[in-house]
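J.: Structure of the sequence below:
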Amino acid sequence: MFEVLILSFAFVFGIAARHLNLPPLVGFLAAGFALNAFGPSVGLPDEAGPLLEHLAHLGVLLLLFTIGLKLNIRSLAEPVVLGSALLHLALTALIFTVGFLVLLSLPLETALLLAIALSFSSTVLAAKVLESKRELRALHGRIAIGILIIQDLAALAVLSIYSGQSPSPWALLVFLLPLLRPVLYWLMSVAQHDEMLVLTGAVLAIAVGGMGFEMVGLSSEVGALVMGLLLAHHPRAQELSKALWGLKEVLLISFFLQIGMAGLPDTQALLFALALAVALPLKGLLFFALLIAFRLRARNAFLGSLSLTAYSEFGLIVASSILEAWLVPLAIAVALSFVMAAPLNRLAHSLFDRWERHLTRFERGSRHPDEQPVNLGAATVLVLGMGRTGSAAYDFFHDKGLEVAGIDSDPNKTDSQRRVFYGDIEDVGFWHHLDLDGLTAVTLATPEMESKLIASRELRKA
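T.: The predicted model follows:
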């Protein structure tokens with residue numbers, strides 16, 4: 001009965017959210033609050049319970065594992081990622097701490113911990129939004145995910161300090177994990193495809209990464225992320241990520257239900273959450289200013305900052321451990337931030353097109369290395385999108401003796417020997433700095449219809 005009612009609430013509210021052009025996750029949050037309010041009248045508990053919490057935890061582990069599969073660890077050390085993450089964390093925590101001390105007269109330690117919890121951005125929302133638009137490997141997507149990972153590591157550090165727990169001496173063995181990469185690659189090869197590949201990924205994420213790290217006193221979330229990172233360069237990494245997609249999505253429903261079932265707010269909690277919702281745009285504006293300061297163009301700074309403009313589920317994890325009295329107000333604030341951020345992210349590209357003239361005024365004279373204009377040289381044929389189809393097209397033209405160049409938004413696919421360059425073809429600014437005079441033909445091999453339409457429109461203009 002419990003499972004039937006939980007799934008029914010999630011289904012009904014998810015359909016309602018979709019009908020209102022909101023992501024289903026907003027409906028799942030609302031379903032959680034509805035279950036908390038009306039669950040006892042139909043025989044359900046008013047709290048998530050161990051089963052739902054366990055399923056939610058598994059969903060988060062699989063999410064972090066799939067993020068790791070798509071992440072280049074070197075990107076975390078980029079100045080724009082490390083600098084923006086740490087500066088935003090420090091400035092946001094300072095602003096919120098001062099605000100809580102002055103306006104709410106909270107004790108310094110409580111104000112500081114509450115401010116730190118609110119300084120994080122939502123990994124789940126950003127990852128789902130970027131993944132749905134296939135922008136995880138675009139420049140702004142890579143930077144946003146890198147910032148989120150650094151924030152999540154900071155959140156785990158706060159939990160470790162205030163929980164009083166410390167890693168066991170066996171935790172040092174984690175540094176030997178790269179030596180196991182050949183074994184992990186062998187397991188991936190043995191699993192091959194379909195259900196065995198899904199099972200292999202789940203075991204590595206949940207059993208090896210999750211439980212294994214917990215046994216040595218480390219975070220299971222970090223363990224799942226590390227396992228994904230170790231497999232990121234395997235030829236079947238993307239196949240594994242796609243295979244786990246459905247399982248991860250179903251389990252994450254429990255995560256959003258769990259947030260909603262954290263409790264019903266009183267008047268003070270609602271006012272507190274509304275005040276935080278009003279302050280939410282400042283979070284995005286600060287990210288935009290920092291990304292511009294690190295030489296990103298306005299478009300990537302805008303898209304990246306918008307994907308980071310939401311309060312974090314990791315803030316709720318911090319609150320559940322060391323700020324239990326503030327868990328419900330924070331849950332409402334997180335839910336409201338999701339409601340505000342989700343539709344804005346869905347309209348992100350059209351919003352930038354509308355405000356481009358105003359936003360580009362803030363750009364710096366110098367540019368980030370990944371945003372330099374692309375010189376196609378003597379190429380007469382251009383292939384847009386260097387996936388399986390695009391690579392085959394590139395090789396076909398090359399074998400015919402034609403001068404060919406390729407462009408892809410994944411920097412891992414760039415290749416100076418084959419003249420494959422980085423570029424985001426959905427970025428109108430990219431087309432403004434691309435010399436097309438020598439081209440006689442263009443092949444559109446991108447997976448998204450929207451990117452094909454944008455490229456076609458810009459090609460006609462040129």
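
J.: what element comes up after the particular helix or strand that has Glu109 in it heading to the C-terminus?
T.: Using DSSP states H and E, Glu109 sits in helix 108-119. On the C-terminal side of helix 108-119, the nearest following helix or strand under DSSP H and E is helix 123-132.

J.: pLDDT (mean, whole number) over that next one?
T.: For helix 123-132, mean pLDDT is 79.

J.: Which secondary structure elements does whatever helix or strand comes next after it sit against?
T.: The helix or strand immediately downstream of helix 123-132 is helix 139-163, counting by DSSP H and E. Contacts defined by 3 or more C-beta pairs under 8 Å, 6 or more residues apart in numbering; DSSP states H and E place helix 139-163 against helix 79-99, helix 108-119, helix 123-132, helix 220-230, helix 298-307, helix 313-322. To be clear about C-beta, it is placed using only N, CA and C from the backbone, and glycine gets the same treatment.

J.: Let me see the ranges of the helices in the stretch 351-462 of the chain.
T.: Here the stretch 351-462 of the chain has its helices, by DSSP state H, counting those that start in this stretch, at 388-399, 428-432, 449-461.

J.: how about those helices in TSV, adding distance to His57?
T.: Converted to TSV, the helices of the stretch 351-462 of the chain look like this (distance: least, C-beta to C-beta, whole Å):
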stretch	distance to His57
helix 388-399	35
helix 428-432	40
helix 449-461	34
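
J.: Distance check, the residue nearest to Arg181 when sequence neighbours are not counted against Gly68.
T.: Excluding its sequence neighbours, the residue lying closest to Arg181 (C-beta to C-beta, 6 or more residues apart in numbering) is Leu230, at 5.5 Å. Applying C-beta to C-beta, to the nearest Å, the value for Leu230 to Gly68 is 8 Å.

J.: Between the two, which contacts overlap?
T.: Here Leu230 and Gly68 share no contacting residue, scored by C-beta atoms under 8 Å, 6 or more residues apart in numbering.

J.: one step back: most neighbours per residue, which of the helices and strands packed on helix 139-163?
T.: Stretch with highest mean neighbour count among the helices and strands packed on helix 139-163: helix 298-307 (a mean of 27; mean count of other C-beta atoms under 10 Å).

J.: for Gly401, phi and psi?
T.: For Gly401, the backbone dihedrals (degrees, to the nearest 10) come out as phi 80, psi 10.

J.: give the contact list for it.
T.: So Gly401 contacts nothing (C-beta under 8 Å, 6+ apart).

J.: returning to that earlier point: hang on, the residue nearest to Arg181 packs against Pro182?
T.: No - between Leu230 and Pro182 there is no contact under C-beta atoms under 8 Å: 10.6 Å.

J.: Quick check: buried residues in stretch 435-446?
T.: Leu439, Thr443, Leu444, Ala445, Thr446 (16 or more other C-beta atoms under 10 Å).

J.: partner residues bridging Leu444?
T.: Beta-bridge pairing of Leu444 under DSSP bridges involves Leu384.

J.: That one touches Glu458, doesn't it?
T.: No - applying C-beta under 8 Å as the test, Leu444 and Glu458 come out as separate, 11.4 Å apart.

J.: Distance of the most centrally placed residue in the chain relative to Leu89?
T.: The chain has Ala127 as the residue nearest its centroid, 2.5 Å off, counting by C-alpha atoms, centre = their mean. With distances taken as C-beta to C-beta, Ala127 is found 19 Å from Leu89.

J.: quick revisit: list the contacts for the residue nearest to the residue nearest to the centre of the chain when sequence neighbours are not counted?
T.: Closest residue in space to Ala127, ignoring its immediate chain neighbours: Ile67 at 5.8 Å, by C-beta to C-beta, 6+ apart. By C-beta under 8 Å, 6+ apart, Ile67 lies in contact with Thr123, Ala127, Leu136, Ile145, Ile149, Leu225, Gly228.
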